[in-house]
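Visitor: What shape does this take:
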Amino acid sequence: DPLAAVLELGQNYPNPFSHSSHSMTSISYAVAAAGDVRVQIYDTRGALLRTLVNATQEAGTHVVNWDGRDETGRVAASGSYRYVLTMDGRSVSRNMVVVK
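Guide: Numbering: from 1, shown residues only. Here you go, the predicted structure:
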């Protein structure tokens, strides 16, 4: 799969993720070449909840943390979420679970 050689998205840790006052979940990802990278979190309806990364990044492995909040700072509800790594019109995604 040529896509797998370009984008690699790890499973968030911890998963399930409990969003207490100071908790975070980490998402690791790798890109094979420098470029414009986005990492975004969506709810089960496909609505964008939060953009964690929207930047030009160098090739290599990167890690971004999510505090369980949406763009306005509200705590996300318990449930399943999808996080998506996008670069050059290609994307890969994984699921995570948020519990209270």
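
Visitor: all contacts plus neighbour counts: C-alpha atoms, from now on.
Guide: Noted.

Visitor: hang on, G46 in a helix?
Guide: No. Counting by DSSP: H, G, I helix; E, B strand; the rest coil, G46 falls outside a helix, being coil.

Visitor: Could you check how far it is from G73?
Guide: Distance, G46 to G73, using C-alpha to C-alpha, to the nearest Å: 19 Å.

Visitor: repeat for I41
Guide: Using C-alpha to C-alpha, we find I41 at a distance of 14 Å from G73.

Visitor: Looking at the two now, which is surrounded by more residues?
Guide: Here I41 and G73 are compared on neighbour count by other C-alpha atoms under 10 Å; more neighbours surround I41, at 23 against 10.

Visitor: is it fair to say S28 lies in a strand?
Guide: Yes. Assessed with three-state DSSP, S28 lies in a strand.

Visitor: Show me what it bridges to in the sheet.
Guide: Assessed by DSSP bridges, S28 has beta-bridge partners V63.

Visitor: Let me know whether it touches V39 as I believe.
Guide: No. Checked against C-alpha atoms under 8 Å, the pair S28 and V39 is beyond contact range at 10.2 Å.
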